[in-house]
Structure formats: structure tokens, C-alpha cells
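Engineer: I would like the atomic coordinates for the input below:
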Amino acid sequence: MDSRWLNVPPDGAPIGPRRVDYLEVGGIYRDVRLRGVPPIFIAGVFAKPVQVLDAARRVDVICTLDAAGAVERDLRLRVELRRDGQVVSRAEQPVAVHQPGPIQIKLVLSDLGNLALWHVDSPNLYELTTTLLSNGRPIHDHQTRIGLRDARFELSGFLLNGRRLQIFGLNRHEIFPYVGGAMPPRVLRRYAQILKRQFNCNMVRCSHYPQSEAFLDACDELGLMVWEEVPGWGYLGDDAWKELLVRDVRDMITRDRNHPSIIIWGTRVNESANDVPLYRRTKELARSLDDSRPTAGSMTPSSRRNWKQDWHEDVFAFDDYHADRDGSVGIAGPTPGVPYLISEAVGQFDYARRKSLDITYRRAGDPALLQQQALRHAQAHSRAAANPRICGVIAWCAFDYASLIHSHNNVKCPGVAEVFRIPKPGAAFYLAQTPPDAPPMIAPAFFWEFGPQTPRGPGNNAAIFSNCDRIEIFIDGRKHATARPDTAGYPHLPHAPFFEDLDLDGIHHPELRIDGFRRDQRVLSRSFSSDPTRDQLSLEADDTDLIADGSDATRLVFKVVDRFGADRLSGAGEVRFHLDGPADLIGGNPFSLTDSGGVGAIWIRTQAGRTGAVAVTATHSDLGARRVIIQVRSKAVNPK
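Structural biologist: Prediction:
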């Protein structure tokens with residue numbers, strides 16, 4: 001609750017907050033509950049799937065009871081596993097309590113051969129209910145969800161349910177504009193959806209602290225794998241500080257070990273020095289609490305030097321920031337003899353100078369640099385996938401975040417989406433890496449403009465990302481070129497980028513059309529206008545139905561777009577908002593678009609117990625007004 005800088009995890013640095021990459025938020029910004037429990041109650045449950053690839057698969061349920069004293073009554077513990085309300089397995093056994101304090105009881109759920117496994121493509125979940133009975137009557141219960149899956153990091157790569165899967169992910173901070181960390185489950189779920197369904201990631205690293213259970217619940221449901229790690233960044237304090245770190249490892253694993261999406265525990269402080277006694281201790285603690293998952297912690301070149309003596313984790317995770325001789329993204333070979341994962345790459349590393357982490361990918365910044373961001377992420381993933389020993393890449397990073405280091409107005413800009421979670425051109429690479437059955441898409445890594453920053457448009461070798469087989473490019477209705485993906489330069493991507501020369505005279509405001517083809521059939525066409533006189537204001541809500549609980553919220557994204565709806569980089573002006581109805585507006589009002597690259601967002605939050613229609617009108621200083629209607633109801637129309 002104390003928002004001042006304190007030398008405790010996750011903070012800590014010799015020179016204070018300006019040494020830490022990200023700003024931490026203060027206050028109570030997650031749910032807080034007061035529970036009333038009987039004299040003996042279920043304090044916790046860990047359901048551990050065992051041998052899930054065998055026909056004799058089972059779930060070991062370790063239940064912790066806590067008693068105020070000895071209990072003479074007839075006590076029994078019952079565990080039921082359900083799918084869609086139907087019991088698929090049950091176990092029950094008597095319990096003896098002879099003294100106060102916690103005791104652990106183990107029950108086994110068997111006959112699970114027909115249960116479907118959890119997978120990134122089919123995230124099957126089951127409800128587990130544990131009930132404590134006294135003289136046959138229930139006195140306390142505990143509910144959680146689980147999924148059965150086998151996740152292994154091997155020398156041959158990462159295996160999910162026995163099959164190799166290339167990890168394709170992004171790091172993510174849980175910091176939001178206006179409210180810090182105080183966002184409700186609906187909003188947290190939305191950002192898991194962006195990672196999974198929009199950016200096509202199969203994994204996210206929760207940097208650099210345990211994040212909201214609502215986000216983890218969404219990852220369970222969506223099939224988004226998770227690396228969760230202990231709080232901290234590059235610093236180890238004194239003995240008292242380290243005791244708090246050990247406590248945090250215990251609390252993290254105890255809280256979150258039933259989430260099937262979590263496939264690895266980060267038991268080292270991010271990018272910290274090797275501390276053999278400390279990290280042996282945290283690894284052993286993790287193993288004692290959950291021996292079903294491996295441990296790791298991101299390593300840097302300095303901590304990698306003596307790894308054979310000082311490293312004792314299960315998976316070698318490396319933050320790989322280096323350039324090849326030509327200034328492109330370098331990917332180092334894997335550490336020999338151990339499973340290997342790239343836990344960070346790209347970020348703000350200056351590949352042209354081959355040093356420093358000070359590149360700023362501002363949406364309102366250099367358009368050529370934004371295109372380079374997309375290509376650097378593509379290079380990192382393609383070059384890592386060339387080596388089957390590398391389990392994959394979790395690149396840095398998904399979203400911009402609050403920081404005092406190499407930032408612009410205290411916002412650091414390494415994200416492929418900006419702080420409002422709106423994609424930049426750098427996200428074009430991720431948008432195109434879709435599964436085979438996905439709808440066609442076309443995402444240029446540039447803005448179609450001929451202004452002061454781009455007087456001749458995107459220029460030569462303009463990058464276009466798509467999941468089509470080929471594209472045809474038209475300028476003012478005339479065919480300009482046919483392009484195919486650059487599979488020679490990016491041979492290990494599902495969908496390599498297309499390149500075309502688009503160095504043009506923009507004085508007459510040419511229009512661009514890109515047609516996408518699959519098997520010689522046109523499946524998609526996108527058009528882009530360079531005429532700013534026909535620009536318009538766009539306003540869209542993520543959700544149109546909210547719950548009147550006083551905390552539910554949704555994002556409203558507003559943009560300056562061309563007449564075809566494509567984002568406009570040079571969109572400026574001011575947007576004012578007017579709200580009618582039972583809700584509150586969270587965000588800047590008025591909002592200046594000049595420094596944000598023509599986009600922005602606000603949130604609408606409900607008021608407790610007040611239902612009805614909420615009308616939000618956004619009025620641009622030059623482009624007129626747009627309006628959305630959101631219904632606030634007493635209960636959810638669709639809980640998911």
C-alpha cells in the first residue's frame with residue numbers, strides 16, 4: 001500500500017527507481033476478500049496431473065487443511081472432477097485431526113483415460129471441487145480449475161503433450177494508462193486475447209512479477225502458455241531482501257500452480273547476477289511445492305560466463321541482444337547440453353550500432369524505424385527456428401509501459417503495440433503469423449502517407465506482411481507489381497514478409513490497393529488513401545455489454561483513419577468526450593492526438609447497482625463526432 005520507493009522486492013537498486021526498467025504501481029489494485037471459515041477448513045488444494053500421456057494418467061490432489069484444534073467428529077474429504085457439470089472422477093477418504101495447525105491429505109483421481117488434454121489449440125479445462133464433510137454434512141469446500149497437459153523442455157526443443165512446438169511469444173507488463181494496475185477481469189482478458197488471437201502468440205512471459213489471476217484464468221481458457229516469475233529486476237539485496245524473495249517464490253507457486261497455462265517458473269530475479277546459494281534455495285523450494293514444472297531465470301552475457309559452475313536451473317533462458325555483422329538480428333547458438341530458450345530479443349537494442357538499448361519505437365516517431373521493428377522481430381523468430389535446439393523466442397515486448405529509462409514522457413516504447421494496446425506497424429509481423437485455417441489478412445509495416453516524414457511514401461523495399469500466397473499491388477487502380485513472400489530471407493516463418501519498391505511522387509495523393517491471393521484466387525483486398533482531406537474519426541468499444549458491479553470496464557479506441565479505415569500516422573487535433581448514462585470515463589478528456597500517432601483510448605467503468613444505456617460521444621476538433629452505445633446490465637449476457 002506504500003507507493004514510495006522501498007528497497008524490497010520487486011524494487012531494489014543502488015541508485016533508486018531510475019535504475020529499474022519499469023515503474024511499479026502502488027496501492028491495492030486487485031481484488032481483496034475477507035473470508036469466514038469454520039474451525040477446520042480447506043486452506044488450499046494442489047491438483048497435479050501425473051503421467052498424462054499414459055492410459056493410466058491420474059491427478060494427485062494434495063489438500064491442505066487448517067484446524068483450530070483437535071477434531072473428534074467423523075471427518076471425510078471428497079474430491080470430484082467435473083466437465084460441463086458431469087462428474088468424471090471422484091475420490092473420498094476419512095480424515096483424522098489430532099492437533100491444531102495445517103495438515104496435508106493426498107487423494108488420487110484415476111480412470112482418466114478418456115479425458116481430453118489441454119493444448120494451445122484446444123485448451124480443455126475441468127472443474128475440481130474439494131469438499132470437507134463432518135458427520136456426512138459438508139462444512140467447507142474449495143473450487144479450482146485444472147487442465148491435463150505434459151510440457152517438457154528437452155535438448156530437442158519444447159514438447160507439448162509429446163509433440164514438438166516452437167515457442168512463439170512476447171513479454172508483457174501489467175501496467176495500464178491512467179489506473180496503473182487497477183483493471184477488472186474483462187480488460188485483463190482482452191489483453192490475453194490480443195496476444196493469442198491478434199498477435200498469434202502461443203506463450204507470454206509475465207515480466208517481471210506474478211500477475212493478476214484474471215489474466216492467468218484467461219490464458220488457461222485461451223490456450224496461451226505462461227512463464228511466470230518472481231518479482232524483481234537485475235538486483236539482489238541483503239539477506240533480509242533475499243528472505244523476502246524466497247517468500248515471494250513460495251507465494252507465487254502456491255497461488256498459481258493449478259493453472260495449466262503456466263509451463264515454467266521463473267525462480268531467479270530477471271537479469272540478476274548468479275547467486276548460487278540463493279538460487280539453489282529457490283529452485284529447491286519450487287521443486288518441493290511443485291515438481292511438475294521446470295525452473296528458469298533470464299540470463300545475460302555476464303551471468304552466462306560461468307554458467308557451468310553457477311547455473312542450476314532446468315531451462316537455460318537467455319536474453320539475446322546482439323547484432324550480426326550486417327546489423328541484422330543476431331541469434332546466438334544454444335548453450336550445450338541443456339534445454340535452451342530465448343527469453344528476450346529485439347527490444348530497444350540498436351542493431352545498426354551493434355550496441356546500446358536506447359532505440360525508441362514511438363508510434364509518432366520515425367516511420368522507417370517502425371518498419372524496422374517488424375523486420376527485426378521477424379528475423380529473431382526465423383533465425384531461432386532454424387536451430388531445432390532452440391525451444392523458441394519470447395521477444396521484448398508486446399506493449400509499451402511506464403518507465404524512467406530511455407523513455408518518452410515516462411513511457412518506454414519497445415512494444416509492438418503502444419501503451420493503449422493499439423498495434424504499431426511493428427506488430428504487422430505478428431498479425432500475419434496465423435494458423436493455416438485463419439482468414440486472409442494483409443498488414444503493411446508502413447503508413448500510406450506522403451507528408452514531411454515520408455515525402456515519397458514508404459520508399460524502396462517497403463515491407464508488407466500477409467498470410468496469402470502472393471499479393472498484387474495497384475497504384476490508382478493500375479497494377480504496380482506482383483510480389484511473393486521472401487522465403488529465402490526468412491525461411492523459417494509460417495508467413496515471410498513481402499517487399500516492394502513504393503518510392504512515389506505523392507503530390508496527387510495516390511491510392512494504394514493490395515490484393516491477396518491463395519491458390520490463384522483473390523481472397524482479400526485492402527485499400528489505402530493518401531488524401532488527408534477525406535480523413536475521418538473512428539471510435540470503437542471492445543465490449544458493448546458491461547455489468548453494473550462498480551468495477552467492470554471496457555476500452556474505447558479512437559483514431560484518425562483514412563477513408564478506407566486505415567490508420568493515419570499524422571492524425572492530429574484534439575478529441576473531447578461526452579458521456580451520458582450510469583458509468584464513469586477514465587482517461588484524458590480532452591485528448592491530444594498530436595504526440596500519440598493519431599490514436600488513443602479511454603475506458604468506461606460502470607457504477608455499482610446502476611444499469612441502463614451509456615452513450616459516449618467523441619468529437620474531433622476537425623473531423624466531426626462519433627458515438628457508441630454500451631449497455632450496462634445487472635448480470636452478464638455472456639460470462640466469457
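Engineer: State the number of residues packed around the nearest residue to Pro494 once chain neighbours are set aside.
Structural biologist: Take Pro494 and drop its neighbours on the chain: the residue closest to it by CB to CB, 6 or more residues apart in numbering is Gln433, 5.3 Å away. Where C-beta positions appear, they are placed from N, C-alpha and C, glycine not excepted. Using other CB atoms under 10 Å, Gln433 has 19 other residues around it.
Engineer: What of Arg19?
Structural biologist: Neighbour count for Arg19, taken as other CB under 10 Å: 15.
Engineer: isn't it right up against Asp11?
Structural biologist: No - judged on CB atoms under 8 Å, Arg19 makes no contact with Asp11 at a distance of 9.8 Å.
Engineer: ok so, going back, identify the residues contacting the residue nearest to Pro494.
Structural biologist: 168, 200, 381, 467, 493-495 (CB atoms under 8 Å, 6 or more residues apart in numbering).
Engineer: repeat for Asp503
Structural biologist: Contacts for Asp503 (CB under 8 Å, 6+ apart) come out as 456-460.
Engineer: Next one, pLDDT for the residue nearest to Pro494 please.
Structural biologist: pLDDT recorded at Gln433 is 98.
Engineer: Please apply the same query to the one 3 residues further on.
Structural biologist: Reported pLDDT at Pro436 in the predicted model: 90.
Engineer: Secondary structure class of it, three-state.
Structural biologist: Here Pro436 is recorded as coil under DSSP: H, G, I helix; E, B strand; the rest coil.
Engineer: Please tell me how far it sits from Asn200.
Structural biologist: Per CB to CB, to the nearest Å, Pro436 is found 12 Å from Asn200.
Engineer: These two: which is more packed in?
Structural biologist: Neighbour tally, Pro436 and Asn200, criterion other CB under 10 Å: the higher count belongs to Asn200, 19 against 6.
Engineer: nearest spatial neighbour of that one, skipping sequence neighbours?
Structural biologist: Going by CB to CB, 6+ apart, Asn200 has Gln433 as its nearest residue, at 4.7 Å.
Engineer: Look up which helix or strand Lys308 falls in, please.
Structural biologist: With elements taken from DSSP states H and E, the one containing Lys308 is helix 307-310.
Engineer: Any chance of a markdown table for the contacts of Asp503, columns secondary structure?
Structural biologist: Shown next, in a markdown table, are these (three-state DSSP):
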| residue | secondary structure |
| --- | --- |
| Arg456 | coil |
| Gly457 | coil |
| Pro458 | coil |
| Gly459 | strand |
| Asn460 | strand |
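Engineer: Just the pLDDT for the closest residue to Cys206 other than its chain neighbours.
Structural biologist: The shortest distance from Cys206 to any residue other than its chain neighbours is 4.8 Å, reached at Glu228 (CB to CB, 6+ apart). With respect to pLDDT, Glu228 has a value of 98.
Engineer: Could you list every helix and strand in contact with the one helix or strand Glu228 maps to?
Structural biologist: Using DSSP H and E, Glu228 sits within strand 225-229. Applying 3 or more CB pairs under 8 Å, 6 or more residues apart in numbering; DSSP states H and E, we find strand 225-229 packed against strand 203-206, helix 213-222, strand 262-266.
Engineer: can you do 7 Å?
Structural biologist: On a contact count with 3 or more CB pairs under 7 Å, 6 or more residues apart in numbering; DSSP states H and E, strand 225-229 meets strand 203-206, strand 262-266.
Engineer: Any buried residues in stretch 302-315, and which?
Structural biologist: Using 16 or more other CB atoms under 10 Å as the test for burial, stretch 302-315 gives 303-304, 307, 311, 313-315.
Engineer: hmm, back to that, mind putting the helices and strands packed on strand 225-229 in TSV, mean pLDDT, distance to Val276 and mean neighbour count included?
Structural biologist: Shown next, in TSV, are the helices and strands packed on strand 225-229 (pLDDT from 0 to 100; distance: least, CB to CB, whole Å; neighbours: other CB atoms under 10 Å):
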stretch	mean pLDDT	distance to Val276	mean neighbour count
strand 203-206	98	24	27
strand 262-266	98	17	27
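Engineer: Narrow the contacts of Asp503 to those that are buried.
Structural biologist: 457-459.
Engineer: Pick out whichever of those sits closest to His208.
Structural biologist: When these are ranked by distance to His208 (CB to CB), Pro458 comes first, at 35.9 Å.
Engineer: In contact with Phe591: list those residues for me.
Structural biologist: Contacts for Phe591 (CB atoms under 7 Å, 6 or more residues apart in numbering) come out as 574-575, 600.
Engineer: ok, so of those, who is nearest Asp549?
Structural biologist: Among the contacts of Phe591, Gly600 lies closest to Asp549 (CB to CB), at 26.2 Å.
Engineer: Just the element for that closest one, please.
Structural biologist: In this assignment (DSSP H and E), Gly600 forms part of strand 599-606.
Engineer: Moving C-terminal from that strand, which element do we reach first?
Structural biologist: Per DSSP H and E, the helix or strand that comes after strand 599-606 is strand 612-620.
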